[in-house]
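K.L.:
give me the fold of what follows.
(3 chains)
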Amino acid sequence: MAKTVAVPLQPGAALTHRRQVRSLRRAAWQRFRRNRLALLSLIYIGVLVAVALSAPLLAPHNPVQSDIRAAGAFRQAAWIDDANPQRAGSWTYPLGSDSIGRDVFSRLLFGTRVSLLVGLITALCTLSIGVSVGLAAGYGGKRTDNTLMRFTDVVYAFPGLLFFIVIQIAFRDSWAGNLLNGLVLLFVTLSIVSWTNVARLVRGEVLSVKEREFIESARASGAGDRRIIFRHIFPNVLGPIIVSGAYIIPGAIAAEATLSYLGIGVRPSVALDAPFPTSWGSMILDGSKSWESQPWMLLGPSIVFASVTLAFTFVGDGLRDAIDPRQQ
Amino acid sequence: MTSLTIEKGPTMRRYLWIITLVLVLVMPLLAACGGDDSDDEPEEADATEQVDAATPTGNAQAATTPAPQTAAEPTAEPTEADDDTDTSSGDNVLRVHQRFYPSIIDPQQSGFTEDIAILLLNYEGLTRLDENLETVPAAAESWEYNADATQITFTLRDGLTYSDGSALVAERFRYAVERTCDPNVAGVYQSILFVVAGCAELAETDPTDQAAYDAAIAALGVQAPDDSTLVVELVQPAPYFHTVASLWVFFPAKQELIEEGGDTWWQQPELQIGNGPFQLERVEQDQLVTLHANESYWEGRPALDGFEYIYQPDSTVALEAYRAGQIDIYRPDPSQFDAVESDDTLSEELVSFPNAATNYLSFNLTVEPFDDPKVREAFAYAFDRETFCTEIRSGDCSPTLSLIPEGVPGAIESDAFAFDPDAATQALADSTYGGPDDLPEITLTYVNDDPAEQPRVEWIAGQFRDVLGVEVTLEGMESTAWVETLYDPATRPQMTTLGWIGDYPDPQNWLSTLFTCEGVESSSGYCNEEFDALTDQADSELDEATRMDLYAQAAELLISEQPVIFLNNSLSFFLVKPEVSGYATTAGDIEWPGQRASMLTITTDR
Amino acid sequence: MAGYVVRRVLWIIPVLLTVAVITFFLMYRAPGGPWSDRRRLPEATEAALNAKFGLDKPLWFNGRAASDAQARGENNLLRVGRAYLDSQFFNYLFGVARGDFGPSYQSRGTESVQSVLRREFPTSAKLGLVAITLALLIGIPLGIVGALRQGSFFDHLTLILATTGVAIPSFVVAVLAIVFFSSQLGITPIRRPEEWDGLSTAYLLPAIVLGLGPMALIARLTRSAMVDVGHQEYIRTARAKGLAEGIVARRHMLRNALLPIVTVVGPIAAELVTGSIIVESIFNVPGMGREFVTSISARDYSMIMGTTLFYAFLVVLANLLVDVSYSFLDPRIRVA
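P.N.:
All right, here's what the predicted structure looks like:
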């Protein structure tokens, strides 16, 4: 019965070990590349990042400028015709205009910035905190587990919405609240509220993996705790971490939309050169009110958002498959 | 075996998931659109229909020139109650949609339209307004002023009862006045009765000082010498007071029931025994308020068996409920106008008429920079009211530059501070700041309960940015928090939009009630002695022509000072099911067409 | 195990206490008070109301009352201590110990918090339970089939469902669902209040909308966990032994794959059961979720505290149940 363990640890194999690790990484990357879907998704995400960075160059109109006389309110998407010339689709406004005559396509491009930023940074913070706490709780002794889990309980038990609303009310007008139109406040509050799930998940997995045979053998051959955690346990608990990571990003983007719906989201800014004028979440909110008049106000950001969610899911799955040492 | 390799197979399978994804996302939308009539396929017939329906401003403007009357679109003549109204069937119930649930349904405390919508059905004052918005007898069958209009005597009808059959006597109305002026109650409409002798003094009394309190109550100038007579003493001549007696502050809620229920008495329908055409039956927080017909109403029972207000804050769900036949009257959100007007059925059911309502952008004159009149002028010149109404608000208002709406007595013509970008920049240059750069931070506060409001305020801020070069910060607030900030100059927003709906068609209700030093808008910091002198004199003037002239002078003064930017007058648009008939609209109808004058005659054919 | 459970139950108290302290602290950070929700009040009235409900006392500790007591010659330490603790926070705690969560300030004291919760919690609970049941009933099988048929059309279908579950915010799904069901199936959008008594079909649509997100997560987690477990040795052993695929799946994989699902379901259930503001407001559900947000706007302090503590209690309970179930699911895990 072949044991498919990460790396068999033998004393005196340090040098070979490092070379093996490097080749392991390369092997993982090879596996990832072979997964075409994951690769495509990664490229797609890269394209979106590029779009976010170069939005001012790509957007046909200013996302904040409301040119109501020229654009007209609720102009339909370019391929949709309408008897009213003010509302007939035209390729000057590829996805049409919104309720006050702003170009939907340009707003979509600029919205990528906020949404990607919210998603990625929140995921990063959430995962760092959650994974650290989870690993420590799962692997450390009963007392560490207990203390950390009770602390997690308190944070988890605290209703997120109350936290959001109160933090918004309290800090909205302070310097911290004004950074990036309230984006920084949003990241911080979102991360504080979301890390507990990851922590519990990781802890559960660690508890389970901790008892498996290969860990026993690693310990028996004298490996220290840190090595065990990083070389053996961590790769084996990556699965659920990656899956939930792939959900944190779109979850954060959707949370921003929901918070805007409740009136405690990112503050709107009408400065012509505002770097973060809007987000997919706000566009979905606007669009959900006017979708009967102009459906692409809602469809545009929804489709892009859904595709990004899919992309992150595929990347997540691909990563998990690539890293999993037991895959043949 | 990796998990997500797509098997090589027929091309269809490879793309199947893309198609399914798109379908899952788009199907509900398609389904909903398909359920309507042609949305995106314009035919010749549709084109003409759209053009007609898309010019509501045209209709409204035609209708505003005469006095606020029954307006354009399908309104039936007020008919007599049909004889086939089956008192036993109980199916003839009118269901009206409301967005906001009332915060308090108490005659002497309520101030918002959603509260008053219920009060107007359950109770009745000494007088009421007819479909021409003229004051006619209600609980009182007649009234008489003394020689100089400093005293008014009301004579109640014989045999008046509450809906439970108990006698309704003049003492009840006396109590209503007393309760309005009571410092413990302190409703928002309290000041409207300050013209009654002793009312202002009572309102200022410290309620913990029992002796002073009792004395002030005793000194109140309202008496009920017998069951059918009410005598009110006035501090100065007030020839309009019989109209004030139609307002909700006069509604005779029963003292013993209020005391029984305590602070939340108004939530229990059995404690709200009223004398109006309907009687409150059921109050479900945030959901539903129902009333049934009052058989003992003095003019005879209404045509309807019952009345329902259904509360749903989301406009899409509400429109769908209207389509599904769950509600009979629905006021569409401006963002839905396009969809409604391009729908064959819905565009037929749209009723519109002008309201005696003015919306304005109010300033806080106690803080910079709006203490400088030139800055206020600059912002006034910078506002493109025309575009705002036709494009941004999809035509649900008509621009105005003065306070009193056309058609209401006291309205004046003005073209001061109309949209003029050059004049705007000039005014800003002439101000103490010399231009946009030295201005302090300016915040435009708005209520963000309705997501549709956000693009509109973004447009407004965009205007100020484009015309004046001023960066306005937008601040959204929940409505309860916002209401609270309005009463104190220290917390009042720098800029925020407000509206005023006329309670009765008299310039006193606009100029004196709002902008005097004691008026409703006094917390904005506006207080002009000259204005007060003019309105005080006009309030007590008995000669009609002189009176109107004085009010006109006050109105001109107000415009020249621009303590607020007058924006527009509201146009009401309602979707009304064809089964509903028997109503005549008035400019005072805010919650449903026929609200003011057709409570008895409106009916459905169910 | 029994000792472990007892210890965990005892731990609930300090956890709830900490939550109470944090909530209390945060609540008072928000400007305004409980009396300003409807109209401006004259100062005298406001002062009288504050006195009536004990809102004029200091927040945390009442040093003044303690020193007053001592000045009066009070020697009994218990009494002085009690005076010292005559503050809003401790009076609240003492009330809770007696089962009294305070008056709802929105009702001006005519209704107590526990009475409001008793009235509204069952509706939210029913909604949440139906939602989580649907999520499990549909999510787990979807995940299993996805894992067994990796790369198939079905696998991709679950992926798509999972995506829509997370990608579209609930207020959009809710509204679209209502419109779709109303225009196509004739299901009326607005429900009467009495339809929420008992367990009627009215709960179905909002529960679906509410459960969509959790369903997506559960499906993906199941699938991922089963794929993981599928690679482990004992499964390969079982396969090598020639056991039928179905038996292999059911008996071995599922039990261990349930671990991450259980971890997640517990707290999610607690969250769903205490109501979602958006779904409740769009579907006109008279539940706790909407009440919670209203009470924050209205600064109804005791309502906020009561709802928060109740919510926290449910979450902590759910976590305890999850932890206890760990040892049943995977005997090798020793939490106790």
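
K.L.:
host element of the closest residue to residue C:84 other than its chain neighbours?
P.N.:
Distances taken as CB to CB, 6 or more residues apart in numbering or on different chains put residue C:66 closest to residue C:84, at 3.8 Å, once the chain neighbours are dropped. C-beta coordinates here come from the backbone N, C-alpha and C atoms, glycine included. Secondary structure assignment for residue C:66, by DSSP states H and E: helix C:63-71.

K.L.:
distance between the helix or strand just after that helix and the chain's centre?
P.N.:
Per DSSP H and E, the first helix or strand lying C-terminal to helix C:63-71 is helix C:77-84. Put simply, helix C:77-84 sits 37 Å off its chain's centre (CA atoms, centre = their mean, to the nearest Å).

K.L.:
got the contact list for the helix or strand just after helix C:77-84?
P.N.:
Next helix or strand after helix C:77-84 toward the C-terminus (DSSP H and E): helix C:88-97. Residues outside helix C:88-97 that contact it (CB atoms under 8 Å, 6 or more residues apart in numbering or on different chains) are C:20-21, C:24, C:54-55, C:57-61, C:85, C:101-102, C:302, C:305, C:309.

K.L.:
for helix C:88-97, list the C-alpha coordinates in CSV.
P.N.:
What follows is helix C:88-97, C-alpha atoms only, in CSV (Å, rounded to 0.1, in the frame of the first residue of the first chain):
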residue,chain,number,x,y,z
GLN,C,88,-27.7,51.1,34.2
PHE,C,89,-25.5,48.2,33.3
PHE,C,90,-25.7,46.3,36.5
ASN,C,91,-29.4,47.0,37.0
TYR,C,92,-29.9,45.5,33.6
LEU,C,93,-27.9,42.4,34.6
PHE,C,94,-29.8,42.0,37.8
GLY,C,95,-33.0,42.2,35.8
VAL,C,96,-31.9,39.6,33.4
ALA,C,97,-31.0,37.3,36.2
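
K.L.:
avg pLDDT for that helix?
P.N.:
The average pLDDT for helix C:88-97 rounds to 85.

K.L.:
from chain A, how far off is the residue nearest to residue C:84?
P.N.:
To chain A, residue C:66 is 29 Å away according to CB to the nearest CB, to the nearest Å.

K.L.:
thinking again about what came up before, out of the contacts of helix C:88-97, which are inside strands?
P.N.:
Using DSSP state E, no member of the contacts of helix C:88-97 falls in strands.

K.L.:
from those, which would you call buried?
P.N.:
C:20, C:24, C:55, C:57, C:85, C:101, C:102, C:302, C:305, C:309 (16 or more other CB atoms under 10 Å in any protein chain shown).

K.L.:
quick one: low-confidence parts of the chain?
P.N.:
As the question left the chain open, I've gone with chain A. Counting by pLDDT under 70, chain A has low-confidence residues at A:1-25, A:172-181, A:213-215, A:223, A:225, A:228-229, A:323-328.

K.L.:
looking at chain C here, not the other one
P.N.:
Looking at chain C by pLDDT under 70, you get C:31, C:36-42, C:44-45, C:108-110, C:230-254, C:256, C:274-275, C:330-336.

K.L.:
how is residue B:552 assigned, secondary-structure-wise?
P.N.:
helix (DSSP: H, G, I helix; E, B strand; the rest coil).

K.L.:
same check, this time on residue B:351
P.N.:
strand.

K.L.:
in chain A, what residue is nearest chain C?
P.N.:
Of all residues in chain A, residue A:157 sits closest to chain C, at 3.5 Å by CB to the nearest CB.

K.L.:
distance of the residue nearest to that residue when sequence neighbours are not counted from residue A:156?
P.N.:
Using CB to CB, 6+ apart and skipping residues adjacent in sequence, the residue nearest residue A:157 is residue C:312, 3.5 Å away. To residue A:156, residue C:312 is 9 Å away according to CB to CB, to the nearest Å.

K.L.:
does the residue nearest to residue A:157 touch residue C:14 like I think?
P.N.:
No: contact between residue C:312 and residue C:14 fails when scored by CB atoms under 8 Å: they sit 11.8 Å apart.

K.L.:
the more surrounded of the two?
P.N.:
residue C:312 (26 against 12; other CB atoms under 10 Å in any protein chain shown).

K.L.:
now that one: which helix or strand?
P.N.:
helix C:301-329.

K.L.:
which SS state does the residue lying closest to residue A:92 once chain neighbours are set aside fall under?
P.N.:
Closest residue to residue A:92 apart from its sequence neighbours, by CB to CB, 6+ apart: residue A:60 at 7.1 Å. Using three-state DSSP, the structure places residue A:60 in coil.

K.L.:
does anything pack onto the helix holding residue C:312? Which helices or strands?
P.N.:
helix A:142-157, helix A:183-209, helix C:2-27, helix C:88-97, helix C:113-148, helix C:255-273, helix C:288-297 (3 or more CB pairs under 8 Å, 6 or more residues apart in numbering or on different chains; DSSP states H and E).

K.L.:
need the pLDDT of residue B:220.
P.N.:
92.

K.L.:
count the residues that sit near residue 46.
P.N.:
In the absence of a named chain, this looks at chain A. 11.

K.L.:
ah, no, chain C please
P.N.:
Around residue C:46 there are 16 residues (other CB under 10 Å).
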